[in-house]
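Participant: when you get a sec, could you give me coordinates for this:
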Amino acid sequence: MRGSPSQAVHLLFLVNVGLQVCDGLATYYGVHRGMPEANPLLHASIAQWGVGWALLVWKTAACLLLLFLRALGAHPFIVRALTLTAACYVALSLLPWLAVLLPCWWE
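Facilitator: Residues are numbered from 1 along each chain as shown. Sure, this is the predicted structure:
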């Protein structure tokens, strides 16, 4: 990633928050269409609290952790951690939800 490390951390922070929002919206929509949640912790939380509260709690916690990483500064480890987090969310959340939900949106 070009530019200063602090710019990279800021951009990766924004990308990760955006991925959290997209995952939350896709999960909310998917669960309401009868699709199961694959994350066992989130699945149990949805059963206990309902989809809205469970997503609010866990997505807020995730964003607070991202904010904590952002606040740590521009250490190369932070850039790698945020890059890995974004890559995992794209591979394990965004792409699977898109594969499941895109056909639903075209109905």
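Participant: CA only for contacts and neighbour counts going forward, please
Facilitator: Noted.
Participant: and residue 75, backbone torsions?
Facilitator: Dihedral angles of residue 75 (phi, psi; degrees, to the nearest 10) stand at phi -60, psi 140.
Participant: doesn't residue 5 make contact with it?
Facilitator: Yes. Under the criterion of C-alpha atoms under 8 Å, residue 75 makes contact with residue 5 at 7.3 Å.
Participant: more neighbours: the two, which one.
Facilitator: Remark: of residue 75 and residue 5, residue 5 carries more neighbours, 16 against 13, as counted by other C-alpha atoms under 10 Å.
Participant: quick one: contacts for that one?
Facilitator: Residue 5 makes contact with 74-76, 79, according to C-alpha atoms under 8 Å, 6 or more residues apart in numbering.
Participant: which among those residues end up buried?
Facilitator: In the contacts of residue 5, burial by neighbour count holds for 74, 79, counting by 16 or more other C-alpha atoms under 10 Å.
Participant: nearest to residue 40, of the contacts of residue 5?
Facilitator: residue 79 (28.1 Å; C-alpha to C-alpha).
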